[in-house]
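# Fold the following.
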Amino acid sequence: MYIYVLFVHIAAAVMGLGAAFAFPLIAKSARTVSQAKFVLSMLKRLEILPKIGSILLLLTGIGMAILEPSLFKAGWYIASIAIYLAVQVIVAGILPRQMNKQLQILHTENGERLPESYKRLSKLSARWEKVTHAAAFILIVLMVFKPF
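Coordinates of the predicted model:
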């Protein structure tokens, strides 16, 4: 049973992380207000992939520990859960609020030139996304190498 849960865990990681890593690339492509509105609406629709992947990662991660209780004592596993939970604050709380603020700014804009306030928020979001990407990399390292 463990191998099947592990398979779902890995598939969820690919589904969720793949989409999440693409978000900044897509967001940077907007050059006008119309493009930015389209990009943000597309990202809102695509965020279902990281959400489903994230939930599956947590459930299968805990499921693997239930099947293999020694994981609950492994430092790398405990660290992975802690990092995962910290990242969820950013992914489920901070980034969606940033996206909503960006959309509000765009809806008040009359022209096609991206306002500075939008650009500032985009840069801030990009920094938060870099944190989540670094955390994802650390999680992968912990799960593959199990250093402690």
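# CA only for contacts and neighbour counts going forward, please
Noted.
# Quickly find the element holding Ala82.
Using DSSP states H and E, Ala82 maps to helix 75-88.
# Next, the buried residues of that helix.
Across helix 75-88, burial judged by 16 or more other C-alpha atoms under 10 Å covers Trp76, Tyr77, Ser80, Ile83, Tyr84, Val87.
# can I get the CA coordinates of the following helix or strand past it in PDB?
Sequence order places helix 95-108 as the next helix or strand after helix 75-88, per DSSP H and E. Only the C-alpha atoms of helix 95-108 are listed here, as PDB (Å, rounded to 0.1, in the frame of the first residue of the first chain):
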ATOM      1  CA  LEU A  95      -0.300  35.400  -2.400                       C
ATOM      2  CA  PRO A  96      -4.000  35.400  -3.100                       C
ATOM      3  CA  ARG A  97      -4.400  38.700  -1.200                       C
ATOM      4  CA  GLN A  98      -1.600  40.200  -3.300                       C
ATOM      5  CA  MET A  99      -3.400  38.900  -6.500                       C
ATOM      6  CA  ASN A 100      -6.700  40.500  -5.400                       C
ATOM      7  CA  LYS A 101      -4.900  43.800  -4.600                       C
ATOM      8  CA  GLN A 102      -3.300  43.700  -8.100                       C
ATOM      9  CA  LEU A 103      -6.700  43.100  -9.700                       C
ATOM     10  CA  GLN A 104      -8.300  46.000  -7.700                       C
ATOM     11  CA  ILE A 105      -5.500  48.300  -9.000                       C
ATOM     12  CA  LEU A 106      -6.100  47.200 -12.600                       C
ATOM     13  CA  HIS A 107      -9.800  47.700 -12.400                       C
ATOM     14  CA  THR A 108      -9.300  51.400 -11.400                       C
END
